[in-house]
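# can't give you the sequence, but here's the structure:
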C-alpha cells in the first residue's frame, strides 16, 4: 500500500521534491499545503489543500499522512515544520532520497531530510532533521549537518566538517576537510572555505572571508 504524503509548499523547490517522490515510487501525494493558495487549485498535478490550518479537517476526511516540508530557505523550512506541528502534533516528517542520489549505508539521516538527484552522502555522515542536500551536492565521510541546514547545488564538503543549525552552503561552494561552519551562517556561491566560518555570518570569496554578520531569520534566497 502506498504511503500517503502531504507536501508543504508549492514553489519551484516543491516541484523538485515532487519529482523525487514520483521517481521513488510507492508514495501517493494527497495534496500540497500553501498559505497563499486557495483550496481547489492545483500544483504539479496535485490538489492544493490550502493553508496549514486546514490540515486537521483534511486528515479527518482523508486519513493519516506523512509530510514533506519542501521550502528552500532553511529558517522558513524550520518555521513551517513547527507551524505544521501546531495543527498536527504527531506529524511525521518523511525523508526523501532521490533514486539518482548516492547515500552510504553507513550514513545516518534523520526525519525530514531531502536528498536530491546526484547528491552524495559519505560513510559516517550524520544528517539532522529537515536538512536539504540539493542537486549534485557532496557531503563527504564523517561530516555532521545540524538540523535545517542545507547544501546548494554542486556544493562540495570535505570529510569531518561540521555545519551548524540552519546554515546554508551556497551553489558550487567548497569547504575543506575538518572545518566548522557555525549555526545560522551563509557561505556564498562559489566560495572556497579554508578556515572556520563564524556563526551568524555571511562569508564569500576565494578564499572565503566574512563579509558581515546576519540575523538568524534573515532571508538569503
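Nice, thanks for sending it over. Predicted model, so just to flag it, every value in this text is computed and none were measured.

# neighbours around residue 106, how many?
The number of residues packed near residue 106 is 12, by other C-beta atoms under 10 Å. For the C-beta atoms, the positions are set from N, CA and C on the backbone; glycine is no exception.

# kindly report the same for residue 82.
9.

# show the contacting residues for it.
By C-beta atoms under 8 Å, 6 or more residues apart in numbering, no residues touch residue 82.

# that's a strand at it, yeah?
No. Residue 82 sits outside any strand when classified using DSSP: H, G, I helix; E, B strand; the rest coil, being helix.

# in contact with the residue nearest to the spatial centre of the chain, which residues?
Centroid-nearest residue in the chain: residue 132, 2.5 Å away (criterion: C-alpha atoms, centre = their mean). Applying C-beta under 8 Å, 6+ apart to residue 132 gives the contacts 72, 74, 77, 113, 114, 149, 150, 151.

# repeat that for 10 Å
13, 17, 69-74, 77, 112-116, 119, 145, 148-152, 168 (C-beta atoms under 10 Å, 6 or more residues apart in numbering).

# got the phi and psi for it?
Main-chain dihedrals, residue 132, degrees, to the nearest 10: phi -120, psi 120.

# which residues does it form beta bridges with?
As for beta bridges, residue 132 partners with residue 114, residue 150 under DSSP bridges.

# buried set for stretch 181-192?
Neighbour counts over stretch 181-192 (16 or more other C-beta atoms under 10 Å) mark 181, 182, 183, 184, 185, 186, 187, 188, 190, 191 as buried.

# any idea which helix or strand carries residue 58?
Counting by DSSP states H and E, the element that carries residue 58 is helix 55-62.

# which helix or strand lies directly C-terminal to that helix?
strand 66-69.

# domain map for this structure?
Using automatic domain parsing, the domain parsing of the chain gives 3-87, 96-212.

# what separates the residue at the greatest distance from the centre of the chain from residue 55, distance-wise?
Here the chain reaches farthest from its C-alpha mean at residue 61, the gap being 28.8 Å by C-alpha atoms, centre = their mean. According to C-beta to C-beta, to the nearest Å, residue 61 and residue 55 sit 11 Å apart.

# what about this protein, any weak spots by pLDDT?
Scanning the chain for pLDDT under 70 picks out the ranges 221.

# what kind of secondary structure is residue 53 in?
Assigned with three-state DSSP, residue 53 falls in the helix class.

# now the helices for the protein?
12-24, 55-62, 74-87 (DSSP state H).
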